[in-house]
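Q: Let's see this in three dimensions:
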Amino acid sequence: MALTKINNNTLSAVTTLPAAIATGKVLQVVQASISTSVSSTSASFVSAGFTATLSSLSSTSSKVLCTLAGGRTSYNDNNVNPNRLSVTLFSSINGGTAADIMPNAPFCNFDLKNGTPGYTWSHSGCFLYSPSTTSSVAITPYFRVPNDDGTPFFNHATTSGESSAIPATVTITLMEIAGWL
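A: Model (predicted):
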């Protein structure tokens, strides 16, 4: 069998990649979470009440990997029409007006009507954002239920009537990734 050599070394002797190979690096990581109930009857997007902020980005070519995880969505009305809870992410650059960074594809859609009210899914997903700035970047989850006639919960933290307490915490994590070509 032929032995492949990299820069005249065996594979086990290679400890770094050649300079010509572009690699992404995690430059900073921040998290924010919420453990309280959050609900709204608005058909427009409303803030979920917590924000993660990267203080400044290293380069305008940096990317921001946003992940959202945890929590419980629910309805507390027995007579609701079928609706979907849509979750998206809004970004504010350097304290400016927040704007939806996912306007054509919500972060997640949950069907909240399965015949009876109750708890549904936890939030889970990620999005790679290209803000093209070196200023601070704040990301906030927003949610809505269009044409709602009940009370949807983005995070249902109450444990009333349940046989055991189930923690309901939603966490957003932001990672600045060094830009690549």
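Q: Low-confidence stretches in this protein?
A: Applying pLDDT under 70 to the chain flags residues 1-23, 72-84, 105, 107-122, 146-152, 157-167, 180-181.
Q: now the strands for it?
A: 26-34, 38-39, 46-47, 52-54, 63-70, 74-75, 84-93, 99-100, 108-111, 123-129, 137-144, 152-155, 170-177 (DSSP state E).
Q: The first one packs against which elements?
A: The criterion is 3 or more C-beta pairs under 8 Å, 6 or more residues apart in numbering; DSSP states H and E, and the helices and strands that strand 26-34 contacts are strand 52-54, strand 170-177. The C-beta positions use only the backbone N, C-alpha and C, and glycine is treated the same way.
Q: now the angle between strand 137-144 and it, please.
A: 40 degrees (axes from the mean of the first three to the mean of the last three C-alpha atoms, to 10 degrees).
Q: For strand 26-34, list every residue counted as buried.
A: Residues Val30, Ala32, Ile34 are the ones in strand 26-34 that count as buried (16 or more other C-beta atoms under 10 Å).
Q: Tell me the bridge partners for Phe127.
A: Cys66 (DSSP bridges).
Q: residues touching it, list them.
A: Contacts for Phe127 (C-beta atoms under 8 Å, 6 or more residues apart in numbering) come out as Leu65, Cys66, Leu89, Ile101, Met102, Phe107.
Q: Out of those, which comes closest to Thr51?
A: Nearest to Thr51, judged by C-beta to C-beta, of the contacts of Phe127 is Leu89 at 10.3 Å.
Q: Looking at strand pairing, list the partners for that closest one.
A: Taking DSSP bridges as the rule, Leu89 bridges to Pro141.
Q: residues contacting it?
A: Residues in contact with Leu89 (C-beta under 8 Å, 6+ apart) are Cys66, Leu68, Asp100, Ile101, Met102, Phe107, Phe127, Tyr129, Ile139, Thr140, Pro141, Tyr142.
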